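Engineer: Got a sequence here, can you build the structure:
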Amino acid sequence: MIQIIKKPLLTEKAMKKTTEGQYVFQVNPVANKIEIRKAVEEMFEVKVKSVRTLRVKPKYSTRYTKKGIITSKTKLVKKAYVTLQPGFSIELISGATEE
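Structural biologist: The predicted structure follows:
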């Protein structure tokens, strides 16, 4: 079995969505919406309303060095925007205290 959810994305934009009940996860590029829904429901014990996915294309870069031209690229990343049903939430940052 493949590991479906790799990690939660804790960016500034993603943290704004948590007030609306939406959470963003980096997922395996071959996982589909049904697998993502089941994985989130089992892992966090919540009910999922909807799942939206997107694929971030790799970025290419070229460097000129003494040895010649070196080209490289980043990996393909798939993100999943998971919306929970009302009344459910996920504690993403453990140990965070509000003062």
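
Engineer: going forward, measure contacts between C-alpha atoms and count neighbours the same way
Structural biologist: OK.

Engineer: For the residue nearest to residue 8 when sequence neighbours are not counted, give me its contacts.
Structural biologist: Closest residue to residue 8 apart from its sequence neighbours, by CA to CA, 6 or more residues apart in numbering: residue 25 at 4.2 Å. Listed by CA atoms under 8 Å, 6 or more residues apart in numbering, the contact set of residue 25 reads 5, 6, 7, 8, 9, 79, 80, 81, 82.

Engineer: Need the pLDDT of residue 25.
Structural biologist: On the pLDDT scale, residue 25 is placed at 96.

Engineer: Buried subset of the contacts of residue 25, written for PyMOL?
Structural biologist: In PyMOL, a selection of the buried entries from these looks like this (16 or more other CA atoms under 10 Å):
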select buried, resi 5+8+9+79+80+81+82
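
Engineer: re the thing from before, element containing the residue nearest to residue 8?
Structural biologist: With secondary structure defined by DSSP states H and E, residue 25 is part of strand 22-27.

Engineer: picking that back up, tell me which of the contacts of residue 25 is nearest to residue 21?
Structural biologist: The closest of the contacts of residue 25 to residue 21 turns out to be residue 82 (CA to CA; 8.3 Å).
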